[in-house]
Structure formats: C-alpha cells, structure tokens
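> have a look at this prediction, sequence included:
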Amino acid sequence: MEKNLIIPALFFTTMMIIPMSCKTKTPTDLTKESIIPKPVSVAAAGESFMLKEKTAIFVDGGSDEIIKTGQYLADKLNSVTGLSTEVKTAEGEPGSGNIYLTLSGAGESLGDEGYELTVTKKLVKLSASKPAGLFRGIQTIRQIVTNDTISKNPLVFKISTGTITDYPEYQYRGMMLDVARHFFSAEDVKQVIDYIAFYKMNVMHLHLSDDQGWRIEIKSWPNLTAHGGSTQVGGGKGGFYTQEQYSDIVKYAAERYITIVPEIDMPGHTNAALASYPELNCDGKARDLYTGTEVGFSTLCTKKEITYKFIDDVVREISALSPGEFFHIGGDESHATKVEDYIPFINRVQDIVASHGKKVIGWDEIALSTLKPNSVAQCWASEENAKKAIAQGAKILMSPAKKTYIDMQYDKSTPLGLHWAAFIEVDDNYNWDPATYIPGVGKENIIGVEAPMWTETIVKLDDIEYMMFPRLPGVAEIGWTPSEMRSWDEYKYRLAKHERHFKAMDINYYPSNRVPWGE
C-alpha cells in the first residue's frame, strides 16, 4: 500500500520538475554589450559565465608584473561586485569557474596593446602578447561585468560568452591636463589617470608651466617653484610637484601602461619663469607674477646663452624622471617672439631635447622651424602648419581645438569653460576622423589623438570631470576604433549605458540632451 502512494507522489514531483528544467533561458549577446572604445571584432556565443564568490583570477607564469595586473582586476571587480576574488598563479589553464590571464597563445598581429578575450560557460580567458594588452583587455572585462549582468543572487554576476579580438587604430591616445593655470594635486592627477585608463588611453600629457605658474621642482633653478609656482589664475595659492611627487605620478601611470609626457612651454607662455629669474629677460628685469588669462605677451630672451643653459637644465632634470620617449616643448602663441628669433630658438631646443634622449613634441607652430624627422607637431589650430610638418618628415598628433578641446563649453548654458574655438557638444566631439580632417594629411602621417583640457575656468576635480565626461570616451574611441566602425547614432546608446559607470565612480558628468540616458 505504501508503494502505491509513493508512485503517484513521484509522478507528480517529476511533472513539476520537467517544465522548470525545460524552461528556455534568455540567450546573452556579447555584441550588444556597451563597450567603449568599440572593439575591432566581437562574436557572441549566447550563454553566460557565472562570476561567483569562489571565482579566482589565475595568472600565467607568476611574474610580478602580471600578478600586479591580476590584482588590479581583482580590486576593480571586488569594488563593484562585493566579492572577494583572489589572485593565484597557474602553469596552464585553471579549472572551471575562473578567470585566466596569459601572455601565451595570442597572435603577434595584436601588437603591444591588443588582446583576445574568450568567455565560455567554464572560463574567462584573456590573452595578449604583451602586458599592456592584458591591461587593456581588463578594462573590457570591467565594462561587461557591470552592464546588466547582476543576477537575482547578489553574489553571482553574469558575463556574456563569446570572443573579442581587439587592438588600437592609433599608437598614441591621450589627454592633456593643464596644471599651470590652476594647480591640481598629485592625487587629482592620479584620479584622472584612472579615468583615462578605463577607456584604454595610454598617454597623460601634463602642461607643467605657463604664464600663471611653474609646477615642477627644478633643483638647479629652485626659484621657479618657490616664486613662480606660488600663485595661479585669479590670484589664489598655487603649488607644484616635488620631483618625488612627479616621479610617483609617473610610476602610478606606468602601472596602468600610461606614459607621462611632460610639457614645458617655450619661448612664450613663460611669465612664471621670467618672474622667477630676471636674467631670462632681455632687459634683465624680473616680471611681475601674472594671474590673468591673456596669452602671447611673454617670451624668453632667445639671444642669451643663459636661456639655453636654463632650458638644458630643465630638460635634463625632467627627462631623467620621465621614461617616455617624448618631451613637449610647447611653442604656441609666442606672439612676443619675432619669427626670425623663434625659428633658430626651436631648432636649438630640438637639439637640447635630443641630447637628453627624447623626441620633441610641440604645438603646430613648431613646423615653422626646421623639424627633426622624429619630431611631432601637435595640430591644434593651423592646417598649414600640419602640412609643413609632414613635408619635413615629421608626424602629426591630432588635437583640433574645434573637436578635441574638452575645456570648451558644451553650449551657451555650460557654467564652465570657454568657447573661443567652438561650443563642443558630445556629438561634435565624436563626429570626425583624424585621417580625413586635414586634406593631404593621412593616417600614415598621424601618430594619434589627444584631448587637451586647459584650466582657466577649472579649479577642482569636479570641474575636470564635468568637462571630461561624457566627451573623453568619444576621443578614446576615435583613437582606438577603426573609423569605418564608428557611428554616432550607434555610439550614443553605448555611451548612455556608461552612465552607470559614471555613477559607480562618482563622476560629476554633464547630462547632455543629445545622449539617450536611461533608454
């Protein structure tokens, strides 16, 4: 009798289980994830990898550099998910349910920064041929973990399965921060470095001197910071980085595979130096400190030998702290310098920079001089100067003010920024192609793109964020993604999804009405 009661009970239970087990799961689609910059190739597999408490990050080979990269990923994932993902070493692929970072198995065609990300139900595998490629791929993992992936269980997160093969279009993808008009602490600079790292940028250009302030310690010329670094636009207290602080910024950036490009602007934009050392002026008289925002009135005395001793010392000390290949010499808006003095000055400064093992970058006016073949002209204003530069065998860094100057106002209502170049809304910032922007200057002439931020009106980190976001991701995509793959009508929806990243990182962003936030 008991057996007869058990059979109907088992039948009923089975009938209840069958519909549940046959329930169709909603397929995932890796191609629909809002990744910025847009990857070169994405193929979806329709399933999910489950990121859980037991998931670990395994790094291949166990080198200190790769372990540090793995820990970076663990820290970022843990801060978002609340998990306690650990980093372990492995000699080959780990077991199911883990993340695996390896420098083997990736094609050389991916270059230094390319990566391949393969996600299956059992494993997330990130491979690259160089450590920088692993770091760029980590940013993609971060983005796809937080895009609509949180399951009902708060400690289980989904990652869509599939394969991403990705590498950058341009070798140089950067942002410039002017710390001279208004000074920003080393911690603020590090925060900006973290932001650009998230979008796979690889250069942070620091504008370290201008009329309003000198911001880096030069031990052989101490009054540059003692006096020249004492103020800023509006007359507030200035500031400067000691060489130890600057080195710490360089190290912090390098850990994120970002190169610091230092800029000392010359022969114009030099009032802070002219106020600090009277001998740098042709009349031997020190200038007053300057806290306004006008440009073009200052110049080093280009015919004095002490000027070149000064430049040599400055370039030598900063170059010793800067492992990157470039030194930026400015060269823009030097209206107080006669052209017949400007040209030999730039020629001689190029030799000084080369003597310290660096290549010159300068604003596009340097094309008036005789450029060394490995020099780079940063095109911000003059298309003719860009053409003159490439005619001399130099390369171009594209920073057209009408498109990339992210200190420009979005529109007339924007409380921060200027508009002498243009009002630059998010779509204006995105809708251009470096390789076709200047007739006669093609992709083969261009090393990359950079988004400058001047700080006449920008006084705190919140201000920097407001002007960076949401424009900076667009410049990052221009530098990374092939132009034929880019479309504003598609990009704006991916950008809108990044609002959750902005909020998670506590970024003060501009809610442009041209972006479909929340849709």
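Done, it's in. Numbers count the residues shown, from 1 in each chain.

> who touches residue 71 in this structure?
By C-beta atoms under 8 Å, 6 or more residues apart in numbering, the residues touching residue 71 are residue 87. Just so you know, the C-beta spots here come from the backbone N, C-alpha and C atoms, and that holds for glycine as well.

> for the stretch 201-350 of the chain, what spans make up the strands?
Taking DSSP state E, counting those that start in this stretch as the test, the strands found in the stretch 201-350 of the chain are 203-207, 209-210, 213-214, 259-266, 326-330.

> what residues sit buried inside stretch 63-71?
66-67, 69-70 (16 or more other C-beta atoms under 10 Å).

> from these, which two are the most distant?
Put simply, by C-beta to C-beta the two of those set farthest apart are 67 and 69, 7.3 Å from each other.

> any common contacting residues for those two?
Joint contacts of residue 67 and residue 69 (C-beta under 8 Å, 6+ apart) are residue 59.

> residues contacting residue 206?
Going by C-beta under 8 Å, 6+ apart, residue 206 touches 176-177, 179, 189, 249, 260-263.

> okay if I get those as JSON lines plus pLDDT, neighbour count and distance to residue 202?
Listed next are those as JSON lines, based on pLDDT from 0 to 100; neighbours: other C-beta atoms under 10 Å; distance: C-beta to C-beta, whole Å:
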{"residue": "176", "pLDDT": "99", "neighbour count": "25", "distance to residue 202": "13"}
{"residue": "177", "pLDDT": "99", "neighbour count": "25", "distance to residue 202": "15"}
{"residue": "179", "pLDDT": "98", "neighbour count": "27", "distance to residue 202": "20"}
{"residue": "189", "pLDDT": "99", "neighbour count": "24", "distance to residue 202": "16"}
{"residue": "249", "pLDDT": "99", "neighbour count": "19", "distance to residue 202": "15"}
{"residue": "260", "pLDDT": "99", "neighbour count": "25", "distance to residue 202": "11"}
{"residue": "261", "pLDDT": "99", "neighbour count": "23", "distance to residue 202": "11"}
{"residue": "262", "pLDDT": "99", "neighbour count": "24", "distance to residue 202": "16"}
{"residue": "263", "pLDDT": "99", "neighbour count": "27", "distance to residue 202": "17"}
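
> as a markdown table, the residues you listed with distance to residue 487 would be great.
Shown next, in a markdown table, are the contacts of residue 206 (distance: C-beta to C-beta, whole Å):
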| residue | distance to residue 487 |
| --- | --- |
| 176 | 27 |
| 177 | 29 |
| 179 | 35 |
| 189 | 33 |
| 249 | 36 |
| 260 | 33 |
| 261 | 31 |
| 262 | 36 |
| 263 | 34 |
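
> quick one on the thing from earlier: in a markdown table, list the buried residues of stretch 63-71 along with distance to residue 514.
Compiled in a markdown table, the buried residues of stretch 63-71 are given as follows (distance: C-beta to C-beta, whole Å):
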| residue | distance to residue 514 |
| --- | --- |
| 66 | 41 |
| 67 | 43 |
| 69 | 36 |
| 70 | 39 |
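
> once you drop chain neighbours, what's closest to residue 166?
Distances taken as C-beta to C-beta, 6 or more residues apart in numbering place residue 39 nearest to residue 166, at 4.1 Å, with adjacent residues excluded.

> tell me the pLDDT of the one you found.
You'll see residue 39 listed with a pLDDT of 98.

> mind listing what it touches?
140, 164-166, 481.

> just the residues you listed: which are in strands?
Per DSSP state E, strands hold the following members of those: 164-166.

> which one of the residues you listed sits closest to residue 106?
Nearest to residue 106 out of those is residue 165 (C-beta to C-beta; 9.4 Å).

> for the residue nearest to the closest one when sequence neighbours are not counted, phi and psi?
Excluding its sequence neighbours, the residue lying closest to residue 165 (C-beta to C-beta, 6+ apart) is residue 41, at 4.3 Å. Backbone torsions for residue 41, taken as degrees, to the nearest 10, come to phi -150, psi 130.

> quick one: residue 41 from residue 167, how far?
Distance of residue 41 to residue 167, given as C-beta to C-beta, to the nearest Å: 10 Å.

> which residue of these two possesses the greater neighbour count?
The neighbour comparison of residue 41 against residue 167 (other C-beta atoms under 10 Å) goes to residue 167, with 20 against 12.

> need the pLDDT of that one.
At residue 167, the model reports a pLDDT of 98.

> list the residues that contact it.
40, 109-111, 113-115, 133.

> just the buried ones from the residues you listed?
Using 16+ other C-beta under 10 Å as the burial test, the contacts of residue 167 include 40, 110-111, 113-115, 133 as buried.

> re the thing from before, the strands of the stretch 201-350 of the chain: which one's closest to residue 517?
Once the strands of the stretch 201-350 of the chain are compared by C-beta to C-beta, strand 203-207 is nearest, at 28.1 Å.

> and that closest one, C-alpha only, in PDB?
Below are the C-alpha coordinates for strand 203-207, written out as PDB (Å, rounded to 0.1, in the frame of the first residue of the first chain):
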ATOM      1  CA  VAL A 203      49.200  58.900 -22.600                       C
ATOM      2  CA  MET A 204      48.800  61.600 -20.000                       C
ATOM      3  CA  HIS A 205      50.300  64.900 -21.200                       C
ATOM      4  CA  LEU A 206      51.000  67.400 -18.300                       C
ATOM      5  CA  HIS A 207      51.200  71.100 -19.100                       C
END
